[in-house]
Structures are given as C-alpha cells and as structure tokens.
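Engineer: 3D model of this:
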Amino acid sequence: MNFLKRYTKIDVIRALLEELEDAGGSMRDTDLFRNLKKEFPDLSSREFMKYLLLLEFNGCILVTSIDENTRTVELLKKCFEIEKTE
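Structural biologist: Alright, predicted model coming up:
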C-alpha cells in the first residue's frame with residue numbers, strides 16, 4: 001500500500017505558482033523542484049516537467065535554458081488567484 005500523501009494537479013500548480021511569486025517571479029528549475037518536493041515528497045521530476053510544460057503552454061510561465069542542464073522559470077502573469085493562508 002502507498003501511504004504517501006496524494007495530491008491533485010491543482011495543488012501542485014498552485015504551489016508552483018506561489019513559489020515563483022514568492023521568489024520575485026523567477027527561479028531556477030532545480031530550486032523550484034527542490035522546494036516543491038518538500039511539500040509533495042512523491043512528486044517525480046517527470047511530473048514536475050509536465051506541470052512546467054502545461055503552464056508554459058498556457059502562457060503562465062516562460063522556461064529558458066541557460067545551459068545544457070540549467071533552466072530558469074519565469075512567471076509571466078497570474079493565471080488564477082492564489083489564496084495566501086496566514
């Protein structure tokens with residue numbers, strides 16, 4: 001049986017956009033993935049890349065290659081309202 005916390009696509013997307021917003025709108029993909037893994041420990045790098053592609057396709061983010069293994073993820077617009085919990 002898998003006892004890891006299950007999450008929905010919207011949970012990850014919301015957290016991803018919130019991380020970018022908190023970082024000033026731009027960060028490296030490795031840092032973003034590492035931060036998301038803290039909240040979603042069973043998130044795979046493959047799933048992470050799918051979310052980036054989905055958000056880039058919808059015009060929410062821009063992913064730019066710096067070199068062969070390094071990418072920058074930039075927030076282009078607020079796709080939907082992110083509720084901040086205090």
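
Engineer: What number of residues are in the vicinity of residue 51?
Structural biologist: For residue 51, the neighbour count with other C-beta atoms under 10 Å is 18. For every residue, glycine as well, the C-beta is placed using N, CA and C.

Engineer: make that residue 60, sorry
Structural biologist: Residues near residue 60, counting by other C-beta under 10 Å: 19.

Engineer: quick one: it and residue 75 touch, right?
Structural biologist: Yes: the criterion here is C-beta atoms under 8 Å, and residue 60 meets it with residue 75 at 7.3 Å.

Engineer: Find residues that contact each of those two.
Structural biologist: residue 17 (C-beta atoms under 8 Å, 6 or more residues apart in numbering).

Engineer: List phi and psi for residue 22.
Structural biologist: When quoted as degrees, to the nearest 10, the phi and psi of residue 22 stand at phi -70, psi -30.
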